[in-house]
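Engineer: Here's my sequence, what's the structure:
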Amino acid sequence: MAAGSVSAKDLTSRLGVGIKNNTSFDLPSLGAVYYPSADLGLTGGVGIDTQKDESRFTLNAGLRRILFREDNMNFYFGGQAGLINYETVGKKESGFELNAFFGGEFFFTGLESLGFSFEGGVGVASLENVRFRTFADHPFRAGITFYF
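Structural biologist: Reported below is the predicted structural model:
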């Protein structure tokens, strides 16, 4: 990538909507991000799958704190809490999850309102059993957010 092809963005007072997939089970979600200040972002998301006998649902909210900005990327860390529901062959389980993560979001020149984010971290989910896990995004699982 050429040195001038991407740039960090000040996202103060901007609302972003997009997609993400960072829950304890594989469920793409619609997400939103709002930055009330230059370094603090509020996040939220909802994912729904009503497949018969295998339905899934997640609702989450979190915080992002930008650690530092590079010429091409905003680096951040944060936390997320959520409600989760999963059904397998008629048996429904409900619980919660907590995640702590670090990540980066970058913007291409010419697409200044479109952010691509990658996250990794640790989490705990409590459904029928408690599950501790590490997680990380790969290029085909990146979050994509459009900022207004």
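
Engineer: bridging residues for N85?
Structural biologist: F57, S94 (DSSP bridges).

Engineer: could you measure it against F101, distance?
Structural biologist: According to Cβ to Cβ, to the nearest Å, N85 and F101 sit 22 Å apart. (Each C-beta comes from the backbone N, C-alpha and C, glycine too.)

Engineer: Neighbour count for those two, which is higher?
Structural biologist: Neighbour tally, N85 and F101, criterion other Cβ atoms under 10 Å: the higher count belongs to F101, 20 against 15.

Engineer: Hmm, the more buried one is touching L63, no?
Structural biologist: No: using Cβ atoms under 8 Å, F101 is not in contact with L63; the gap is 10.6 Å.

Engineer: which residues do the two both contact?
Structural biologist: G78, G79, Q80 (Cβ atoms under 8 Å, 6 or more residues apart in numbering).

Engineer: just for the chain, where's the confidence low?
Structural biologist: Scanning the chain with the threshold set as pLDDT under 70 gives 1-8.

Engineer: the strands in it, which residues?
Structural biologist: Secondary structure of the chain (DSSP state E): strands located at 15-20, 29-34, 40-49, 56-69, 73-88, 91-107, 114-126, 130-136, 143-147.

Engineer: Relative to K9, which of those strands is closest?
Structural biologist: Nearest to K9, of all the strands of the chain, is strand 91-107, at 5.3 Å by Cβ to Cβ.

Engineer: Quick check: buried residues in stretch 131-147?
Structural biologist: F135, D137, A142, G143, T145, Y147 (16 or more other Cβ atoms under 10 Å).
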